[in-house]
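1. fold the stuff below for me.
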Amino acid sequence: MTDLRDIRPPAGLKEMNEELMEQQRLGTLPFELAVLVVPGRRSGVPRRTPLTVLDRGGERFVLGGFPAADWIRNVRAAGRGTLDTGGRVEEVRLVELDADEARPVLREWPAFTPTGVEMMRDAGVVSDTTPEAMEAVAGICPVFRLETA
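-> Numbers count the residues shown, from 1 in each chain. I've put the predicted structure just below:
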């Protein structure tokens, strides 16, 4: 049985993310894309990762849907970065929630971004696309609160 903590993003996700960022740069993306920029944990080179940001009553959260993704390790090492949303750049701190704090946020994810949750299901991270299935990965899939630095 695969340890869920070892699940990496699916093949093709990096290329899809690069295409989204290129479309944003060209102004052809039909929605606003949030891009987190965090220094690489070994190189210090800025790493850009598009993410879905959930605004929950004025608090913002991002989800590490593939627990072995490099961006998660980089965030844990740096604890900070910048969030570029449609040309608005903001310095942010990323605070990892404990499992109890993460559960209610995770329960909202299927309604907020069903396609993202389907990708998680297809990769074997969650068993289903329900709030209960998402809640079950609390403590495995990290949830970070974005705070203005």
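2. shouldn't residue 32 be within a helix?
-> No - according to DSSP: H, G, I helix; E, B strand; the rest coil, residue 32 belongs to no helix; its state is coil.
3. where does it land on pLDDT?
-> Note on residue 32: pLDDT of 85.
4. can you tell me the closest non-neighbouring residue to it?
-> In space, and not counting its chain neighbours, residue 32 is closest to residue 86: 4.4 Å by Cβ to Cβ, 6 or more residues apart in numbering. Backbone N, C-alpha and C define where each C-beta goes, glycine included.
5. tell me the contacts of the one you found?
-> 24, 32, 33 (Cβ atoms under 8 Å, 6 or more residues apart in numbering).
6. what lines up beside the longest strand belonging to the chain in the sheet?
-> The strand that spans the most residues within the chain, counting by DSSP state E, is strand 88-96. Sheet pairing for strand 88-96, assigned by DSSP bridges, gives strand 80-85 (antiparallel), strand 143-148 (antiparallel).
7. in the first one, what counts as buried?
-> Of the residues in strand 80-85, those scored as buried under the neighbour-count criterion (16 or more other Cβ atoms under 10 Å) are 81, 83, 84.
8. lowest pLDDT pick from those residues?
-> residue 84 (94).
9. ok, now how distant is that one from residue 61?
-> 17 Å (Cβ to Cβ, to the nearest Å).
10. same check on residue 30?
-> Following Cβ to Cβ, the distance that separates residue 30 from residue 61 is 24 Å.
11. if anything else comes up later, I'll come back, but that's it for now.
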